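> Structure, please.
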Amino acid sequence: MTAGNPTPGDDIPKLRRILRDARVLAVVGLSANWYRPSYFAAKYMQEHGYRIVPVNPAYDSVLGEKCYKSLREIPHPVDMVDCFRRSEEIPALAEDAIAIGAKVLWMQLGVHHVDARKRAEAAGLEVVENRCVKIEHARLFGGLGWAGVNTGVISAKRPV
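Coordinates of the predicted model:
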């Protein structure tokens, strides 16, 4: 994906596959404060069956899960690195995601970095930029269409 807003619908199969297959999410910058976007998104994903691995040196635990100071401290496999950090911090996080064998580097709304994307893709990671994992999950799997929200997804088939 490119920075900015891709053409609606051009990334739906990719996003759907990533959200279906990536079940362990390391959330970098996850806050323990309920009113922060990182907490809200991680809690939503946890409630939808994803394992959340908090990464933030400020906390011992968040959402009932042990919190790690860095991605490299996580002792088990991680499918996705979900970044709630500024764009300039992404290159180092991309290197960490590569080092731990993550499959996806996901950058939240407003976050993108061309060089980090290229480096991660060259190492075999899939990259999503400028998207919220919670919003995309709700759009593609959460039934937003039933509530009258235009999700940009037109299909007679149920999501797989």
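
> can we go C-alpha only for contacts and neighbour counts from here?
Fine.

> Now do the contacts for the spatially most central residue of the chain.
Centroid-nearest residue in the chain, with Cα atoms, centre = their mean: residue 82, separated by 3.6 Å. Residues near residue 82 by Cα atoms under 8 Å, 6 or more residues apart in numbering: 25, 26, 27, 28, 105, 106, 107, 108, 133.

> Tell me the buried residues in stretch 117-134?
Residues 117, 120-121, 123, 125-134 are the ones in stretch 117-134 that count as buried (16 or more other Cα atoms under 10 Å).

> ok but the residue nearest to the centre of the chain is inside a strand, no?
Yes: counting by DSSP: H, G, I helix; E, B strand; the rest coil, one finds residue 82 located in a strand.

> can you pull up the bridge partners for it?
In this entry, residue 82 is beta-bridged to residue 27, residue 106, by DSSP bridges.

> which SS state does residue 54 fall under?
strand.

> Surely it and residue 71 touch.
No: counting by Cα atoms under 8 Å, residue 54 sits too far from residue 71 to count as a contact (9.2 Å).

> higher neighbour count, the two?
Shown here are residue 54 and residue 71; by other Cα atoms under 10 Å, residue 54 has more neighbours (32 against 23).

> which among the buried residues of stretch 117-134 gets closest to residue 47?
Nearest to residue 47, judged by Cα to Cα, of the buried residues of stretch 117-134 is residue 134 at 10.9 Å.
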